[in-house]
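**Q** next comes the sequence, and after it the predicted model I'd like to discuss.
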Amino acid sequence: MPDPIEARLHDPQPRQRQAAAIEAGRSRAGHLLPMLEQLARCDDAQLVRREAASAIGRLARTHPQALGLLVELSQHRDPGVVIQAARGLVAAARSDEQRAIVEPMLDDLAQHANEVVRDFVETERARFEHSHTRPRRGGVSPRG
């Protein structure tokens, strides 16, 4: 039986593809990553591209291969896709190795040509740095 989310990702109506991308991200359906990648890169509808990138970001928390897709999408021509990729990178970077990948990407994106992307990345970078600060001895965080 065909996957109902996958079928809706092919729907001719952009709102249906957008809704299916949201469902795909929430369902943790890693088998849909290639289709979501295609939508994020090439869909005609901006709302579909952005939601597909967001879904990849949600999937990256449980499917590490999605991290590489987010790195690639952070260079997309659509600033909305770039923002969703940055958000996903921050959320998915859990290990030291992943953080080592994400930190330079955020540095690069902080110099993005689009002001909205730059502002967003600065906010996300502050959250990223705050959430990944190691506690001092005695278990007291340096921020409070």
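**A** Received, thanks.
**Q** burial count for Pro2?
**A** Counted with other Cβ atoms under 10 Å, residues neighbouring Pro2 total 7. (C-beta placed from N, C-alpha, C; glycine too.)
**Q** oh sorry, the question was meant for Ser27
**A** Neighbours around Ser27, by other Cβ under 10 Å: 14.
**Q** looking at this protein, which helix is longest?
**A** Counting by DSSP state H, the longest helix found in the chain is helix 115-131.
**Q** mind listing what's buried in that helix?
**A** Using 16 or more other Cβ atoms under 10 Å as the test for burial, helix 115-131 gives 117, 120-121, 124-125, 128.
**Q** try stretch 8-25
**A** Using 16+ other Cβ under 10 Å as the test for burial, stretch 8-25 gives 8-9, 14, 17-25.
**Q** now that stretch: average pLDDT?
**A** Stretch 8-25 shows a mean pLDDT of 96.
**Q** now swap in stretch 64-71 and tell me
**A** 91.
**Q** use 685 as the first number from now on
**A** Yes, from this point I'll number from 685; that puts the last item at stretch 748-755.
**Q** got the contact list for it?
**A** 714, 717, 721, 724, 737, 740-741, 743-744, 769, 772-773, 776-777, 782, 785, 789 (Cβ atoms under 8 Å, 6 or more residues apart in numbering).
**Q** export that stretch to PDB, keeping only CA atoms.
**A** In PDB, the C-alpha atoms belonging to stretch 748-755 read as follows (Å, rounded to 0.1, in the frame of the first residue of the first chain):
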ATOM      1  CA  PRO A 748      21.600  12.100  11.100                       C
ATOM      2  CA  GLN A 749      21.900  11.900   7.300                       C
ATOM      3  CA  ALA A 750      19.500  14.800   7.100                       C
ATOM      4  CA  LEU A 751      22.300  17.100   8.600                       C
ATOM      5  CA  GLY A 752      24.200  17.000   5.300                       C
ATOM      6  CA  LEU A 753      21.000  18.000   3.500                       C
ATOM      7  CA  LEU A 754      20.600  21.000   5.800                       C
ATOM      8  CA  VAL A 755      24.200  22.000   5.200                       C
END
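**Q** so what's the gap between that stretch and the chain middle?
**A** Here stretch 748-755 is found 8 Å from its chain centre; the criterion is Cα atoms, centre = their mean, to the nearest Å.
**Q** in that stretch, what counts as buried?
**A** Going by neighbour count (16+ other Cβ under 10 Å), the buried part of stretch 748-755 is 750-751, 753-754.
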